[in-house]
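# below are the sequence and a predicted model; questions follow.
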Amino acid sequence: MAEKSKEKKSRLIGIVVPVGALRGNNQTAAGEFPDLCEFALLCKKMKIGLIQLLPVNDTGYDSSPYSSLTAFALHPLYLRISDIPETAASKEFKDKAEAINNEYSRQTRFPYQEVLRAKMDLLREIYLANFSEIEKKAGPQGSLGKWITENPWVKPYSVYRSLKTANREKSWKEWKEYREVTSEEIISLWDDPKNKKENLFWAWVQEALDIQFSAAAKAVADAGIILKGDLPILMNDDSCDVWAHRQIFDQEFSAGAPPDMYSPEGQNWGFPLYNWEAQEKDNFAWWKQRLSTAEKYYQAYRIDHVLGFFRIWSSSLNDNSAVLGRYIPYTPITGSDFKKIGFDNGRIRWISQPHITTNELMDALRSNRNDPIGEDGIAEISKKIFSKVLEQIDGEDLWLFKKKIKGEKDIDALNLHPAARQFLTSAWHNRTFIEYRKRKFFPAWYYSKSKAYSTLSWDEKNKLEELLKKRLRKSEKIWEAQGRKILSLLAQSSSMLPCAEDLGAVPHCVPKTLAKLKILGLRVVRWNRYWEREDKNYVPFEEYPELSVCTPAVHDSTTVRDWWENEADQEKFAGFLGFPSLPKVYNPGTAKIILGKTASAKSRFRVFQIQDLLHLSSKWYRDDPASERINAPGTVNDFNWTYRLPASIAEIAKDKDLIKAVEELSKVKAAKKIR
């Protein structure tokens with residue numbers, strides 16, 4: 001343990017890879033846990049000290065690893081069917097497993113749903129053919145029975161998966177039965193003889209996954225490499241955990257992230273919030289169990305969206321976007337606060353409700369050039385809007401949304417002309433404050449750009465800004481106390497090293513709390529800049545904190561190559577690196593300079609996506625750099641999360657130039673300030 005602890009404090013080079021991307025000697029349809037054994041040997045040869053995985057929990061037929069059905073169960077996609085005992089004893093099943101691999105192994109990206117369905121169908125066939133023997137193993141003295149006892153989470157998971165299968169993979173909220181269950185009812189469903197065969201299937205698959213992942217994790221550790229996992233902070237609304245433990249979740253809101261330069265409408269993930277008060281009553285037992293399960297495999301873990309432990313951006317279930325979201329917790333501005341600074345009820349309504357004039361609506365409909373409506377059409381559409389959507393204020397030419405309109409989804413449901421829907425949605429967003437409870441207000445994200453704000457006097461704006469500053473200071477204290485309490489408990493509950501993903505709108509208390517708890521933060525080179533300065537310069541590598549993970553790209557961004565060729569301010573970044581004449585087209589020489597400079601960061605871990613490391617050799621460049629990224633946020637398609645290595649691990653291991661180039665990164669010393 002002391003030796004492992006020392007490793008976690010060492011300055012290391014790391015590699016980030018999705019398990020599904022690996023191509024082992026078996027040339028499987030998608031990467032599997034046993035491929036990590038071979039991959040660890042390659043990493044050892046390249047002097048890589050840390051392997052970071054994307055989440056590996058079961059997500060069902062959703063390819064996103066951050067949309068998990070469970071916090072505990074592993075993904076069947078990563079199971080090597082040919083290695084399980086029931087397959088090894090049967091030539092027929094071995095041939096069928098090989099046939100799946102032959103069908104898909106040569107594809108550039110793997111077809112997620114096709115591969116998963118093929119593997120699940122074969123697993124069911126193997127299971128049914130061997131059920132009598134598996135049933136014996138599930139007895140109190142059998143290996144499967146003992147495993148189930150040691151992993152109590154598998155019972156609710158198996159029951160949930162059985163019910164989900166019976167309901168054709170629909171969300172539990174759409175089931176005809178068992179939408180509302182107690183823990184006693186779940187155990188009753190597990191014990192019911194009628195459900196035994198289906199329930200045991202899921203437990204049997206999970207035991208096999210645990211055996212293979214444990215063996216792979218041991219192989220990584222034996223190679224002297226830290227295995228780092230990824231724990232998404234939130235759970236899918238349609239997950240076993242929300243279904244079985246809804247008392248620890250708050251399903252009144254949808255979690256996400258506020259607007260930024262990449263997502264001007266924010267991100268609405270559709271995931272429920274945590275009920276921290278309920279979790280505190282049992283001393284965060286669910287989180288402790290989650291860490292205990294992860295600790296079987298990992299020595300370090302990434303805390304996805306750590307800001308959510310301090311405060312979470314929360315949107316109404318009636319909205320699709322997150323523009324009108326708010327932070328929870330937050331010290332609200334009240335009606336009394338507004339009254340104290342001279343705002344009467346009419347003024348409060350003006351800044352908290354969207355006001356629309358007749359001309360604004362008519363102009364929006366007439367200015368629509370993509371699909372001209374015509375005067376008759378405008379008259380018909382406006383008549384419908386004025387009768388069903390808006391209500392007039394005291395005979396004035398000012399209209400408010402009717403009380404029955406609760407959000408964007410209500411506007412969409414009216415099936416209006418696109419121009420009308422776009423105008424109403426924009427108007428719905430256009431407010432200075434959001435009244436989320438009676439006489440309790442939160443500032444809209446774009447409050448300073450709202451129509452109402454622009455009409456306020458200089459004195460009124462000053463008073464509002466001062467009020468907002470006071471509320472922010474109060475809220476920061478609440479956020480700091482909450483984040484410190486929860487993260488302290490997590491840090492103390494596991495020997496794994498916590499590494500936080502602290503990107504986004506970061507309150508001042510977050511870096512302070514992380515440093516105090518010795519939790520590593522994240523620094524993405526392209527975004528780590530002095531944004532508050534006029535020059536927006538990049539932060540020098542010698543100023544990166546030791547308690548951080550430094551990386552030039554993440555799974556949601558473009559690769560370094562794609563960024564350099566299509567997004568970067570090349571002149572500014574090249575000057576920052578001290579190499580003003582870097583070529584505009586990315587090549588191994590450019591990669592060596594950019595990655596080498598990144599490796600000089602003072603951060604404890606300098607980690608690189610596997611695609612970025614492969615670009616140190618000319619052998620592994622695809623024609624289109626965009627084809628090498630893992631995920632394009634905000635899109636739903638068959639491309640995301642299906643990246644595969646361009647060749648097998650064995651072939652890549654023959655590339656001496658690549659191995660030497662990566663090995664050189666491990667020798668780069670931390671940059672020092674020039675005095």
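Looks like it arrived, so ask away.

# now the phi/psi pair for residue 542, please.
Note on residue 542: its backbone torsions stand at phi -70, psi -10 [degrees, to the nearest 10].

# okay, the nearest residue to it once chain neighbours are set aside: pLDDT?
Closest residue to residue 542 apart from its sequence neighbours, by C-beta to C-beta, 6 or more residues apart in numbering: residue 671 at 4.0 Å. The way it works is simple: take the backbone N, C-alpha and C, and place the C-beta from them, glycine included. What the model reports as pLDDT for residue 671 is 92.

# any idea how far residue 671 is from residue 297?
33 Å (C-beta to C-beta, to the nearest Å).

# what do you get for residue 498?
15 Å.

# what about the two, which has more around it?
Counted by other C-beta atoms under 10 Å, residue 498 and residue 297 do not tie: residue 297 has more neighbours, with 23 against 20.

# which parts of stretch 385-392 are buried?
Neighbour-count burial for stretch 385-392, counted by 16 or more other C-beta atoms under 10 Å, picks out 385, 389-390.

# who are the neighbours in contact with residue 365?
373, 378, 381-382, 417, 419-420, 423 (C-beta atoms under 8 Å, 6 or more residues apart in numbering).

# assign the residue nearest to it when sequence neighbours are not counted to helix, strand or coil.
Distances taken as C-beta to C-beta, 6+ apart put residue 378 closest to residue 365, at 4.7 Å, once the chain neighbours are dropped. Under DSSP: H, G, I helix; E, B strand; the rest coil, residue 378 falls in the helix class.

# residue 378 against residue 366, yeah?
Yes. Taking contacts as C-beta atoms under 8 Å, residue 378 lies within contact range of residue 366: 6.5 Å.

# for those two, indicate the residue with more neighbours.
residue 378 (20 against 14).

# show me what contacts the more buried one?
Contacts of residue 378 (C-beta under 8 Å, 6+ apart): 362, 365-366.

# residue 422 too?
residue 364.

# quickly find the element holding it.
helix 418-429 (DSSP states H and E).

# ok, then the element right after that helix?
strand 433-437.

# which is the next helix or strand following that next one?
strand 440-443.

# now the helix or strand following that next one, how far from the centre of its chain.
Proceeding N to C from strand 440-443, the next assigned helix or strand is helix 451-454, under DSSP H and E. Distance, stretch centre to chain centre, for helix 451-454: 35 Å (C-alpha atoms, centre = their mean, to the nearest Å).

# next one: stretch 127-143
37 Å.

# what are the contacting residues of that stretch?
86, 90, 93, 144-146, 148, 196-197, 200-201, 203-205, 207.

# out of those, who has the most neighbours?
residue 204 (26 neighbours).

# I figured the residue nearest to residue 542 hits residue 602, correct?
Yes. Assessed by C-beta under 8 Å, residue 671 is found in contact with residue 602 at 6.7 Å.

# quick one, whichever helix in the chain runs longest and strand 433-437 angle?
Criterion DSSP state H: the longest helix present in the chain is helix 458-492. Computed with axes from the mean of the first three to the mean of the last three C-alpha atoms, to 10 degrees, the direction of helix 458-492 lies at 50 degrees from that of strand 433-437.

# let's test this: mean pLDDT of stretch 546-557, rounded?
Rounded mean pLDDT across stretch 546-557 is 97.

# right, I mislabeled it, should have said stretch 258-265
89.

# chain center to that stretch: distance?
Worked out by C-alpha atoms, centre = their mean, stretch 258-265 lies 16 Å from the chain centre.

# go through that stretch and flag the buried ones.
So stretch 258-265, judged by 16+ other C-beta under 10 Å, has buried residues 258-259, 263, 265.

# a markdown table please, covering these and showing distance to residue 610.
Listed next are the buried residues of stretch 258-265 as a markdown table, based on distance: C-beta to C-beta, whole Å:
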| residue | distance to residue 610 |
| --- | --- |
| 258 | 31 |
| 259 | 31 |
| 263 | 26 |
| 265 | 32 |
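
# could you dump these into JSON lines with distance to residue 291 and secondary structure added?
Shown next, in JSON lines, are the buried residues of stretch 258-265 (distance: C-beta to C-beta, whole Å; DSSP: H, G, I helix; E, B strand; the rest coil):
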{"residue": "258", "distance to residue 291": "28", "secondary structure": "coil"}
{"residue": "259", "distance to residue 291": "32", "secondary structure": "coil"}
{"residue": "263", "distance to residue 291": "30", "secondary structure": "coil"}
{"residue": "265", "distance to residue 291": "34", "secondary structure": "coil"}
